[in-house]
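>>> Got a sequence here, can you build the structure:
(one chain, ligands or ions: 3)
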Amino acid sequence: MHQDIEEILVSEQEILEISKSMGAHISKDYAGKTPILVGLLKGCIPFMASLVKYIDIPAQMEFMAVSSYHGGISSSGDVKIKYDLETSVNGRDVVIVEDIVDTGATLSTITKLLLHRGAKSVKVATLLDKPAGRKVEFVPDYIGKTIPKKFVVGFGLDYEELYRNLPYVGVLKPSVYQK
Ligand SMILES: O=P(O)(O)OC[C@H]1O[C@H](OP(=O)(O)OP(=O)(O)O)[C@H](O)[C@@H]1O
Ligand code: HPA
Ligand SMILES: [Mg+2]
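Ligands and ions are numbered 1, 2, ... in the order given. The predicted model follows:
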């Protein structure tokens, strides 16, 4: 385990199991349709890569870069689109793929935006849900694992742009950010 990690919350093996079951669930729910999977960069990358391997229906992969944490441990509440979709969602079924729903600000903003742009449906698939962190009411449609109100890193999640490449999700030692 990395020296800055206090505890592993979701192991590599558990992430694989989550990807398989969520992929099967999405494939069943969207059978006969061609959804657009919209990954929110940068955090979505490892989970999106893992999840899509277990989605066995035709699905398009698109990305947006959205940021509100600016590297730190708390949300600015101001959700900024740094890179927008290059495809229209008008009339399409959209599944947003995310690493975490925490305050709810990001997913509530982006869901409303895509519906406003004419998406037929918008659902959210997230590896992690931190319901105790909510500041904006939001309920994801597909949840890998519900976690407590702790700042976590790994498998896409960062602190100051680091730790995204850890193969598991762990709690960051507070001594790392309490300097
Ligand atoms: O529910 P919320 O409180 O809005 O938090 C969730 C969002 O925060 C993180 O993104 P971040 O802004 O850190 O960008 P990143 O993916 O580039 O790290 C994470 O990847 C989610 O997109
Ligand atoms: O717990 C977290 N860790 C990293 N990034 C995050 N963005 C929202 N919550 C978190
Ligand atoms: Mg971040």
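
>>> Just the residues contacting the lengthiest helix in the chain, thanks.
Criterion DSSP state H: the longest helix present in the chain is helix 12-29. Helix 12-29 is touched from outside by 10, 35, 47, 50-57, 95, 125, 127, 142, 144-145, 155, 167-169, with contacts defined as CB atoms under 8 Å, 6 or more residues apart in numbering. Every C-beta, even on glycine, is put in place using the N, C-alpha and C of the backbone.

>>> how about that helix: buried residues?
Neighbour-count burial for helix 12-29, counted by 16 or more other CB atoms under 10 Å, picks out 15, 18-19, 22-23, 26.

>>> where exactly do the helices run in this structure?
Taking DSSP H as the criterion, the chain contains helices spanning 12-29, 45-52, 105-116, 174-177.

>>> and Ile73, which of those helices is closest to it?
Closest approach to Ile73 among those (CB to CB): helix 174-177, 5.4 Å.

>>> Nearest residue to the residue at minimal distance from the centre of the chain in space, please, no chain neighbours.
For the chain, Glu98 is the residue whose C-alpha lies nearest the centre (CA atoms, centre = their mean; 1.4 Å). With sequence-adjacent residues excluded and distances taken as CB to CB, 6 or more residues apart in numbering, Glu98 is closest to Thr126, at 4.4 Å.

>>> since we're on that neighbour, how many residues are nearby?
By the criterion of other CB atoms under 10 Å, Thr126 has 25 neighbours.

>>> With Tyr142 instead?
Residues near Tyr142, counting by other CB under 10 Å, number 22.
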